[in-house]
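Trainee: After the sequence you'll find the predicted model.
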Amino acid sequence: MKTSDFDYHLPETSIAQTPAEPRDSSRLLILHRDSSDVDHRLFRDLSLILQPNDLLILNRTRVIPARIFAKKETGGKVEILLLRRRNELTWEALVGGKGLRVGKLVKVENGPDAEIIEILEGSERLIKFSEPIEPYFPKVGHVPLPPYIHEKLNDPERYQTVFAREMGSAAAPTAGLHFTPQLLDELKAKGVNTAYVTLHVGLDTFAPVTEDDPAEHKIHTEWCELPQETADLINATKNSGGRVVAVGTTSVRTLESAAQLITDNSSLITAFSAPTSIFILPGYQFKIVDAIITNFHLPKSTLIMLVSAFAGREKILETYNLAIKERYRFYSFGDAMLIL
């Protein structure tokens, strides 16, 4: 298995620059793993496709307005992209600007001072604010869109899911962007259950794998949590013959991370809260997930490898090429795919 096995050509015109309006008007490609059949629907049709007693797993993380601007004492401009909070004052961050060595002080525009206290990998730095930065987010923070999106987002809430609650992500769990409150109500009325996990998405999740052998890639680590209430719903769903439908690769990673604690003597999943660095490649045996709702992923990314592990590499690449031909929209603001 090589990283190049997960490559495909995507025309730039296939990359969605703006979200669909309304959210659930995006298209939905349905891939049936057993037969390789493909259906073309709209996302709002999900209430017609899922069955009573299916269980949707939604990631309720919320994107922080993590891009902030600062100035050095000399007046030079600095861009800071917050990645992970270490404690009340200290964050891991990507920084843009020259001479940002240990001990360097910067002033956030309309916000607190910050000091570079450690050099991490590449342009990553550990920075310490003079006071907590979160209260300043409403006036200094900007939602960080992926670099392949060039259009301005007029409403920052369109890069949040309607069920986002737990602040902590540097990027949105984009498969969840298609849901509306009305669609969730329709699913509930049909008997489709809903449960929540939290995984705070880091920017590394979208990074392409550069090693020839993907097994040599150092997978990113993200914090996730599966509460006992969700575990109980999963166990009840499995016992009654329903399907666990993971919304997004972040939900998949959370569920399968928790599943690693299942012993041979028990098929029950329990609450889980910890950093995860699970790397799902073809050959992986899924323990919890029965179906996945996901967007279309970047070539040679860990995410396309994950869905290839679920549906088969050749099947995924064939489906992606069909989606390009059928003019589906790709990536964060793009259309969705349901793998059954």
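Mentor: Cool, got the structure.

Trainee: what pLDDT does the closest residue in space to Phe296 that isn't next to it in sequence get?
Mentor: Leaving aside its sequence neighbours, Phe296 sits nearest to Phe330 (Cβ to Cβ, 6 or more residues apart in numbering; 4.3 Å). All C-beta spots, glycine's among them, are computed from the backbone N, C-alpha and C. Per-residue pLDDT puts Phe330 at 98.

Trainee: Then Ser266?
Mentor: In this prediction, Ser266 carries a pLDDT score of 69.

Trainee: and if you look at Glu109?
Mentor: For Glu109, the pLDDT comes out at 89.

Trainee: wait, doesn't it sit right on Arg67?
Mentor: No: look at Glu109 against Arg67 with Cβ atoms under 8 Å: they stay out of range, at 12.0 Å.

Trainee: Looking at the two, which has the bigger crowd around it?
Mentor: With neighbours defined as other Cβ atoms under 10 Å, Glu109 and Arg67 compare such that Arg67 has more, 18 against 14.

Trainee: For the more buried one, list each beta-bridge partner.
Mentor: Note on Arg67: beta-bridge partners by DSSP bridges are Leu81, His142.

Trainee: In contact with the residue nearest to Ser301 when sequence neighbours are not counted, which residues are there?
Mentor: Among residues not flanking Ser301 along the chain, Pro208 sits closest, at 5.7 Å (Cβ to Cβ, 6+ apart). By Cβ atoms under 8 Å, 6 or more residues apart in numbering, the residues touching Pro208 are 298-301.

Trainee: Those residues into JSON lines, with extra columns for pLDDT, distance to Asp113 and secondary structure?
Mentor: Shown next, in JSON lines, are those (pLDDT from 0 to 100; distance: Cβ to Cβ, whole Å; DSSP: H, G, I helix; E, B strand; the rest coil):
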{"residue": "Leu298", "pLDDT": "95", "distance to Asp113": "37", "secondary structure": "coil"}
{"residue": "Pro299", "pLDDT": "95", "distance to Asp113": "41", "secondary structure": "coil"}
{"residue": "Lys300", "pLDDT": "95", "distance to Asp113": "40", "secondary structure": "coil"}
{"residue": "Ser301", "pLDDT": "94", "distance to Asp113": "37", "secondary structure": "strand"}
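
Trainee: So which residues make contact with the helix or strand harbouring Glu256?
Mentor: Element membership for Glu256, per DSSP states H and E: helix 249-259. The set of residues external to helix 249-259 that reach it, using Cβ under 8 Å, 6+ apart, is 57-59, 61, 173, 175, 197-199, 201, 205, 222, 224-226, 231, 234, 244, 246, 269-272, 274, 276, 278, 280, 284, 286-289, 292, 294, 297, 303, 306-307, 310.

Trainee: of these, buried ones?
Mentor: Among the contacts of helix 249-259, those buried by neighbour count (16 or more other Cβ atoms under 10 Å) are 57-59, 61, 173, 175, 197-199, 201, 205, 222, 224-226, 231, 234, 244, 246, 269, 272, 276, 278, 280, 286, 288-289, 292, 294, 297, 303, 306-307, 310.

Trainee: Looking at those, which are in helices?
Mentor: Mapping these onto helices (DSSP state H) picks out 231, 234, 303, 306-307, 310.

Trainee: of all those residues, which comes closest to Leu120?
Mentor: Leu303 (23.5 Å; Cβ to Cβ).

Trainee: so what's the closest one up against?
Mentor: Going by Cβ under 8 Å, 6+ apart, Leu303 touches 205-206, 249, 294, 297.
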